[in-house]
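1. Sequence first, predicted model second:
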Amino acid sequence: MTTAERTGAPSTTIETPVLQVRDLSVAFTTESGTVSAVDRVSLDLAPGEIVGMVGESGCGKSVTAMSIGGLLPDSARVTGSVRLQGTELVGTRESVLRRVRGKDIAYIFQEPMTSLNPVLTIGRQIAEVLQVHERMSRRAARARAVELLSLVGIPSAATRVDNYPHQLSGGMRQRVMIAMAVACGPKVLVADEPTTALDVTVQAGILQVLRDLRDRLGTTILVITHDLGVIADIADRVVVMYAGRVVERAPVTDLFAFPYHRYTAGLLSASPTPGVHAGTQRLQEIPGLVPVLSAQPDACTFADRCPAADERCREAAPPLEAVRPALTEHVAACWHPCPTPRTRPEETIA
Amino acid sequence: MARYLITRAWQSALTLVLSTIVVFLGVRALPGDPALALAGEDRSPEALEAIRRHYGLDQPLPVQFAQYVERVVQGDFGESIRTGIPVSSMLSTALPVTAELAVLAILLATALGVGAGVLAAVRRGHPAEWLANGLALVGLSVPHFWLGLLAILYLSVATGLFPASGFVPLLEDPVDNLHHVVLPAVILGTGLAAIIMRQTRSAMLDSLSSDYVRTAKAKGLRPRAVITRHALRNSLIVVVTIVGLQLGGLISGAVVTEQIFGLPGFGKMTIDAVFQRDYPVIQAVVLLTATAYIVINFLVDLLYSVIDPRIRVTGDQS
């Protein structure tokens, strides 16, 4: 089996992708040996698209996100290819990456409390990006920072610009992070668990800001989360990761309606669905934990936790391919895909 | 911010008043009649009475204290029992020497300590880190009187690069002045530099692995901006605390260093006064040291609020 077959490089790209990830692998050298975190992940992001990447903690989604911008520590060994509009980023000089970061690829992180520098005003932190990438003067950058703050829905931006992070609430800080990220009009915005640390009411607001940005600026957004609710709310397409591999990729409605991979099905039954479970049925947990792998085996990494696993699953890794030939955009890496739709499409598509 | 300043100023003033009382009572609590000590050979009741009147010792304690404070506020610390020279004029020649020595030592130690600490944190695992750590260990473990003797032996006596002792006032000849003070300042600053280096290094390691430094990198900032503007600025809070705490050690270190290098400073004056039981001088020295401590602590607190906006707490949560 060739690598392309194994990883199922997306063949049905809609437009020329802004970001093209091919066979991205990341391994960390630790004192107790090498740990494989990401195994041959391939992914295309089309312009203006919002792609959700979902999986349990430790499945490699954050590492994938960090490796796109070359933000991993030196102990990480990254192989494969990440192309931003044709420019290769893996193994590129640091100076090239510096020009890309903050300008073409921007990040939003999980903890707005700690991700902002406590000793600089938020205006200064936003202006910094503009001064570096747009060569703006301090004054112009500050004026632009005020505009950006109102763009992300911060009231009385002109006075808020001189606030320090500790003077803002968590949701406001995350809006500041977003303002900072979109300051230079990036082509790709990587949001790593953007709402995890926030209250549910605040979450909705943040997701709305992201959606607005896509609609108004045409920004491509990669949202990394373990929360299927966030995915259902915002994503156009979903990538499901498990133990460093992409196990399923589908348009969002397809995925929620017909999960193919057993792991995806498990994830879905572990999340409450309004009306369906409400007090009558227990949520199903997936037994076991995501394995920590020193080397990626030639087997399905989910086999040990899978109700449908057999000998074949332990002997060969399933390729990522379309389960129904008619639906080429929906691919899964499973020898025994779920036979029947979990629910009928009408029930999940609101 | 203003409220914070006022609170801190009040606390400082109160501490100052308390230390004045302690100094005043401390000298009064010493065993023996001061008049007896002052009288020397002539212990006739008339002489003792005259001395008591002269020094106000016949007055009740609160009155004595009021008089003492009144004089001190006017800069009158009395006269040296041994020489009869006004203590204030002794201080005016000795203080600048020590102040210069201490300020220079702090500047050198901070520059060296912060620089080496940042380098050690950024170049983690490289020879630069081992070198910085090694030097810090030496700076911490070698007592500086010995280091001072070595310096005199090799840099003054053997090579003649620096004068072995003596002092030239700053205003008289700035170059020659610096020539005399640099070596003692370096020796005095070694311990402090080592402590600052270690603290800076560990604070920097913390900052460098923080989320906001990751954000700074994700913004595409140059390493220099990431290190200085983001990591170092957050680490300085720790460094300022350490410098503030270590200044006390620096004052006692100055006493020894001045003795070794024969600098006519505050330290030398203190030692002489103690050996000669020159109470007015000791009293002035203790009071001034306490004042210096209080002022430095106040300044350190001010610096905190400049570095860390979270400390400017009250009243600006808008």
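-> Now that the structure is in, tell me what you want to look at.

2. Tell me where the stretch 51-200 of chain B is predicted with low confidence.
-> Along the stretch 51-200 of chain B, no part satisfies pLDDT under 70.

3. Am I right that A:Ala250 is in a strand?
-> Yes. Under DSSP: H, G, I helix; E, B strand; the rest coil, A:Ala250 sits within a strand.

4. What are the buried residues along stretch A:81-88?
-> Buried residues in stretch A:81-88, counting neighbours by 16 or more other CB atoms under 10 Å in any protein chain shown, are found at A:82-84. C-betas here are computed from N, CA, C, even on glycine.

5. The chain: helices as residue ranges?
-> In the absence of a named chain, chain A is used. With helices called from DSSP state H, chain A shows them at A:3-7, A:61-68, A:94-100, A:112-115, A:122-133, A:138-151, A:157-160, A:170-182, A:200-217, A:228-234, A:252-257, A:262-269, A:311-315, A:345-348.

6. wait, I meant chain B there
-> Under DSSP H, chain B gives helices at B:2-29, B:34-39, B:45-55, B:61-73, B:87-122, B:127-141, B:144-151, B:174-208, B:211-218, B:223-225, B:233-261, B:266-275, B:279-307.

7. Indicate which one of the ones you listed is closest to A:Cys184.
-> helix B:211-218 (12.1 Å; CB to CB).

8. returning to what we had before: and the buried residues of stretch A:81-88, which of them are in strands?
-> Per DSSP state E, strands hold the following members of these: A:82-84.

9. Include distance to A:Thr264 and pLDDT when you put those residues into a markdown table, please.
-> Formatted as a markdown table, these follow (distance: CB to CB, whole Å; pLDDT from 0 to 100):
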| residue | distance to A:Thr264 | pLDDT |
| --- | --- | --- |
| A:Val82 | 25 | 95 |
| A:Arg83 | 27 | 94 |
| A:Leu84 | 28 | 93 |
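
10. Out of those residues, which comes closest to chain B?
-> Nearest to chain B among these: A:Leu84, at 13.1 Å, using CB to the nearest CB.

11. so what's that closest one up against?
-> With contact set as CB atoms under 8 Å, 6 or more residues apart in numbering or on different chains, A:Leu84 has these partners: A:18-19, A:100, A:104-105, A:187-188.

12. Tally up the residues packed near residue 187, please.
-> I'll assume chain A. By other CB atoms under 10 Å in any protein chain shown, the residues close to A:Lys187 number 21.

13. wrong one, I was asking about chain B
-> Neighbours of B:Ile187 using other CB under 10 Å come to 25.

14. ditto for the one 3 residues further on
-> Here the neighbour count serves as a burial measure; for B:Thr190 (other CB under 10 Å) it reads 26.

15. Could I get the contacting residues of the residue sitting furthest away from the middle of chain A?
-> No residue in chain A sits farther from the centre than A:Arg139, which is 34.5 Å out by CA atoms, centre = their mean. By CB under 8 Å, 6+ apart, no residues touch A:Arg139.

16. what pLDDT does it get?
-> pLDDT for A:Arg139: 94.

17. next one: the one 3 residues further on
-> If you check A:Arg142, the pLDDT there is 95.

18. Residue 175: what's it in contact with?
-> By default, I'm working from chain A. Contacts of A:Arg175 (CB under 8 Å, 6+ apart): A:149, A:152-154, A:206, A:209.

19. actually it's chain B I care about, not the one you picked
-> No contacts exist for B:Val175 under CB under 8 Å, 6+ apart.

20. do you know how far it is from chain A?
-> To chain A, B:Val175 is 39 Å away according to CB to the nearest CB, to the nearest Å.

21. dump the residue contacts of the residue in chain B positioned nearest to chain A.
-> Closest contact between chain B and chain A, by CB to the nearest CB, is at B:Gly220 (3.5 Å). Applying CB under 8 Å, 6+ apart, we find B:Gly220 in contact with A:97-103, A:129, A:132-133.

22. That one and A:Ile105, how far apart?
-> Applying CB to CB, to the nearest Å, the value for B:Gly220 to A:Ile105 is 9 Å.

23. And for B:Arg52?
-> Distance from B:Arg52 to A:Ile105, by CB to CB: 85 Å.

24. Which of those two has more residues huddled nearby?
-> A:Ile105 (27 against 17).

25. Contact partners for that one?
-> By CB under 8 Å, 6+ apart, the residues touching A:Ile105 are A:19, A:68-69, A:84, A:186-190.

26. ok, so of those residues, who is nearest chain B?
-> A:Gly69 (6.3 Å).

27. Contacts only, for that closest one.
-> Taking CB under 8 Å, 6+ apart, one finds A:89, A:97, A:100-101, A:105, A:107, A:190, B:218 in contact with A:Gly69.

28. Quick check: phi and psi at it.
-> phi -90, psi 10 (degrees, to the nearest 10).

29. per-residue confidence for it?
-> 92.

30. can you tell me how far it sits from A:Leu217?
-> A:Gly69 is 19 Å from A:Leu217, by CB to CB.

31. which residues sit in contact with the residue nearest to B:Leu232 when sequence neighbours are not counted?
-> Once flanking residues are discounted, B:Leu232 sits nearest to B:Val118: 6.2 Å by CB to CB, 6 or more residues apart in numbering or on different chains. For B:Val118, the contacting residues are B:200-201, B:204, B:227, B:232, by CB under 8 Å, 6+ apart.

32. From A:Ile231, how far out is B:Val118?
-> In terms of CB to CB, B:Val118 sits 43 Å off from A:Ile231.

33. and the contacts of A:Arg175 as TSV, adding neighbour count?
-> Below are the contacts of A:Arg175 laid out as TSV (neighbours: other CB atoms under 10 Å in any protein chain shown):
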residue	neighbour count
A:Leu149	26
A:Val152	23
A:Gly153	17
A:Ile154	21
A:Ile206	25
A:Val209	20
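
34. For chain B, state which of those residues is nearest.
-> For these, the nearest to chain B is A:Ile154 (12.9 Å; CB to the nearest CB).

35. Check the gap between that closest one and A:Ser169 for me.
-> 11 Å.

36. Ok, A:Ala46 next?
-> Separation of A:Ala46 from A:Ser169 (CB to CB) stands at 34 Å.

37. Between these two, point out the one with more neighbours.
-> Neighbour count, other CB under 10 Å: between A:Ala46 and A:Ser169, A:Ala46 has more, with 16 against 12.

38. doesn't A:Pro17 make contact with that one?
-> Yes. A:Ala46 is within contact range of A:Pro17, at 5.7 Å (criterion: CB atoms under 8 Å).

39. who in chain A is up against chain B?
-> Residues of chain A lying near chain B by CB under 8 Å from any CB of the partner chain: A:69, A:71, A:97-103, A:106-107, A:109, A:111, A:114-121, A:128-129, A:132-133, A:159, A:163-164, A:166-167, A:177, A:180.

40. Recalculate using a threshold of 7 Å.
-> Within chain A, the residues that sit near chain B (CB under 7 Å from any CB of the partner chain) are A:69, A:71, A:98-99, A:101-103, A:107, A:109, A:111, A:114-119, A:128-129, A:132-133, A:164, A:166-167.

41. so what pLDDT did A:Leu148 get?
-> 94.

42. Just confirm it contacts A:Ala183, I think it does.
-> Yes. Applying CB atoms under 7 Å, one finds A:Leu148 in contact with A:Ala183, separated by 5.7 Å.

43. buried residues in stretch B:203-211?
-> Under 16+ other CB under 10 Å, the buried positions of stretch B:203-211 are B:203-205, B:207-208, B:210-211.

44. Just put those in a markdown table and tack on distance to chain A.
-> As requested, these are exported to a markdown table (distance: CB to the nearest CB, whole Å):
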| residue | distance to chain A |
| --- | --- |
| B:Ala203 | 13 |
| B:Met204 | 14 |
| B:Leu205 | 13 |
| B:Ser207 | 10 |
| B:Leu208 | 10 |
| B:Ser210 | 7 |
| B:Asp211 | 4 |
